[in-house]
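[1] Pasting a predicted model and its sequence here:
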Amino acid sequence: MQPLLLRNIKQVSMRRVAIVCISGLISFLFFAMPATAEYGDVVINNYAEKQGMRPVIFSHWFHRIRYACKVCHADLGFKFKAGGNDITMFKIIDGQYCGACHNGKIAWSVKNCNLCHSAKPGTPTQVHESTAQELAIPYDRGAR
Amino acid sequence: MKGKAVTLLIAIFVLGEVKSLSAESQTSTLRQGHTATYSSHSMILQKLQLVKMMLATSPAMKRAAEGKDEAIKQKVVVANEKFVSATDALNQDNLAGAEEFADEALRLIEEISQMNPDLQQVRAEQIKRYDESVRSLHNAEATYQDLSGRLRSNGKGSEAKDMGRSTSRIREKAQILASDGQYSEATELIKEAHEGVIFALNKLLGSTALMYDLKFKTVAEEYDYELARYHSFEELAPIAYIELRPDKDTIMLSERYVQESRTMRDIAKQQAARGDHRAAINTLLEAIKQMQTALRVVGLVLQE
Amino acid sequence: MNSRLMVFHYVLLLLSSSLVVAETESQAGKMNGVGNKPATTRGKSASVTQETYQAPSLMYQTEQTSNPLSSSNSFNRLLKISRRHQPPTEDGIHDPDNDGTKILQAPLEAYENLPKTPSDLGNGIDWIRAVEGHFISPRWDIDDPTEQPLIMDMNIIRVPRGSIPNELFPHRQHTMWLDCSNCHPAIFIPKKGANQISMAANLLGQKCGVCHGKVSFPFSECKRCHSQPKEAVVQKGGLR
């Protein structure tokens, strides 16, 4: 009799514990891993926000499928630094930097403002998900 | 009571997931077919501001005004007209029309820029590319000569000399073209020479791997290497502070380790000056450990 | 009261777990290996293992075509929910209220036919295999569409301090993408012993970290670079 009673007590409280744990686990899994943009996306906000536009997002993966690194970083003169290139709309329309391809002939032209200026307002210049960015929140303070 | 709290929590989470899922299905249908026919009022206004800025202050417009090409000047006039039409259309709430005029104006501005490029700037870029290609060729040649010396087996010595001679001939030819102002052709020549050197380098190396190992001839050499290694860690500290943005107390703690490490480096320098290189190297290794601790304190954890 | 509460709990639990499965399946189906350890794919087609190298076009396609029921059987046992490679509207930095964001291509669409890395670090794509297997043919020169890269095949083995295995730097894979001037001499002086490279520098975005950890594969997989045994045997013609 004794063991049976104990088992019943255990069953009831174990069920509660199990439900709380499992629902906690599910919600933890959902909320502990925030959505992240694609690795290598560069946010450029040197002038955009000051002029009332959303910051620009440049996706490396999309361009890497079509061009070798050399084309932009050697032939077009892009430096290896987010925000380290003085890109202005004047220069783009003139055919420099992004404008070498984004001129309506090779890729979309400058009239499509919001295809490039698509970052959330307030996003600072960064290389998204870069190691240094990840390091900025040390593991013991909540980095993923 | 506990049960009610748990229920409430679960309900909140489930609702949250339902909301996010429906948002996802919304965006996917949007991506599947629906595109906006025209932008909103504020966006067209922003586009018109860009057009205005371009027409007023763009260097291409200035070049067009100062130039003699009538076709370009005509385009400038048309672009200005389009801008005026766009502004009028926007004021009359004709968003589709306003956007059309604005896009036309932008297209014309682009054409104007492309029809009369800034020749000075094009030339400057050509010169830069020529200089870079010459430098690359020089580096490649130096590597080839260095490696052919080290990996030389019988008979390979003459190949290196031939290579040196042919590349210097090409370099001279390119230099003549460059001084004539024909930078693109000069760059092409240099690129060909570069290709030749790389081809020879690949043949020379075959399946050999170069070993950059830590072999030193003298203790003094090892000391110099360790000192350089120490400096490479030291110059990381300010970069770490800027990139990792720790709080003030953490920086203070880290700087204390940096100071300790610098003291040890000074001791090491004195030991080396006295001739005791072995002790100096050990002190430097300790100093590097202190510097690594300083970096670890601000969040740069190394697994070594 | 107690039993009704229990039933309610169970129903809610069922709902949330079905949502979990739905979401993970939609993600897991798109990206083979994302969030799933390689072990989960072994069950589908016994002949294909992750260890044996296969020609690029076979490795991932056989897993999908050999068993038509494979996608319905892809239950995410570990309940690992991957929120990486999200489409622009949900990725956290693009503005979902921007009309342009909705037109941008989602990464997973483009990644569908590209060879992937087992670890899914960074983009999760094996870009070298993508080029060599002709999945993509990125243009090399801005002016000449037919020009091919000038590939230099020079391996450098560096011996770091400590017990970490030696590191192999292959010029070949890098010269497939980069020009000599991209690295030399600005980032690396092309001379033995002239560069002090440390993991600290790499992690802070210097030296190798100028690209790796930012746009090329990150440093999380030590073996990817530190692949050479510590006591390398000097063979005739093998090592200098």
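    Yes, it's here.
[2] So, low pLDDT: which residues of chain C?
    Counting by pLDDT under 70, the ranges of chain C that qualify are C:1, C:12-13, C:15-82, C:231-240.
[3] Spell out which residues make up each domain of it.
    Residue ranges for the structural domains of chain C, counted by automatic domain parsing, are given in the record as C:2-132, C:139-240.
[4] which one is residue C:183 nearest to, not counting chain neighbours?
    Leaving aside its sequence neighbours, residue C:183 sits nearest to residue C:174 (C-beta to C-beta, 6 or more residues apart in numbering or on different chains; 7.6 Å). (Each C-beta comes from the backbone N, C-alpha and C, glycine too.)
[5] Residue B:265 reaches residue B:286, doesn't it?
    No: the criterion here is C-beta atoms under 8 Å, and residue B:265 misses it with residue B:286 at 9.6 Å.
[6] tell me the mean pLDDT over stretch B:261-270?
    The pLDDT scores in stretch B:261-270 average 94.
[7] any bit of that stretch sitting next to chain C?
    No: residues of stretch B:261-270 are not located near chain C by C-beta under 8 Å from any C-beta of the partner chain, the shortest gap being 13.1 Å.
[8] That stretch: how far from the chain's middle?
    Distance of stretch B:261-270 from the chain centroid (C-alpha atoms, centre = their mean, to the nearest Å) equals 36 Å.
[9] For the residue nearest the centre of chain A, give its distance to chain C.
    Centrality entry for chain A: nearest residue to the mean C-alpha point is residue A:37, 3.0 Å, by C-alpha atoms, centre = their mean. According to C-beta to the nearest C-beta, to the nearest Å, residue A:37 stands 4 Å off from chain C.
[10] burial measure for the residue lying closest to that residue once chain neighbours are set aside, as a count.
    Leaving aside its chain neighbours, residue A:37 sits nearest to residue C:91 (3.8 Å; criterion: C-beta to C-beta, 6+ apart). Around residue C:91 sit 23 other residues, with neighbours defined as other C-beta atoms under 10 Å in any protein chain shown.
[11] surely residue C:91 meets residue A:43?
    No: with contact taken as C-beta under 8 Å, residue C:91 and residue A:43 are classed as non-touching, separated by 11.6 Å.
[12] and the gap between the residue nearest to residue A:37 and residue C:190?
    Using C-beta to C-beta, to the nearest Å, one obtains 39 Å as the distance from residue C:91 to residue C:190.
[13] tell me the domain boundaries of chain A?
    Here chain A is described, according to automatic domain parsing, as comprising the domains A:1-33, A:41-140.
[14] picking that back up, who's more crowded, residue B:265 and residue B:286?
    Neighbour tally, residue B:265 and residue B:286, criterion other C-beta under 10 Å: the higher count belongs to residue B:265, 22 against 16.
[15] so that one, which of the three states?
    Local secondary structure at residue B:265 is given as helix here, using DSSP: H, G, I helix; E, B strand; the rest coil.
[16] Quick check: closest non-adjacent residue to it.
    Closest residue in space to residue B:265, ignoring its immediate chain neighbours: residue B:287 at 4.8 Å, by C-beta to C-beta, 6+ apart.
[17] who's in contact with that neighbour?
    Remark: with contacts taken as C-beta atoms under 8 Å, 6 or more residues apart in numbering or on different chains, residue B:287 is in contact with B:230, B:261-262, B:264-265, B:268.
[18] and what of residue B:112?
    By C-beta under 8 Å, 6+ apart, the contact set of residue B:112 is B:60-61, B:64, B:72, B:75-76, B:79.
[19] And it, which helix or strand is it part of?
    With secondary structure defined by DSSP states H and E, residue B:112 is part of helix B:95-115.
[20] Can you name the element that comes right after that helix?
    Moving toward the C-terminus from helix B:95-115, the next element (DSSP H and E) is helix B:119-150.
[21] what about the next helix or strand after that next one and chain C, touching?
    Toward the C-terminal end, the helix or strand that comes next after helix B:119-150 (DSSP H and E) is helix B:156-179. No: judged by C-beta under 8 Å from any C-beta, helix B:156-179 makes no contact with chain C; its nearest approach is 12.9 Å.
[22] Run through who's touching the helix or strand that helix B:156-179 is followed by.
    For helix B:156-179, the following helix or strand on the C-terminal side (DSSP H and E) is helix B:183-205. For helix B:183-205, the external contacting residues (C-beta under 8 Å, 6+ apart) are B:123, B:126-127, B:129-130, B:133-134, B:136-137, B:140-141, B:143-144, B:147-148, B:151, B:156, B:159, B:163, B:166-167, B:170-171, B:173-175, B:177-178, C:150-154, C:180.
[23] Cheers, nothing more for now.
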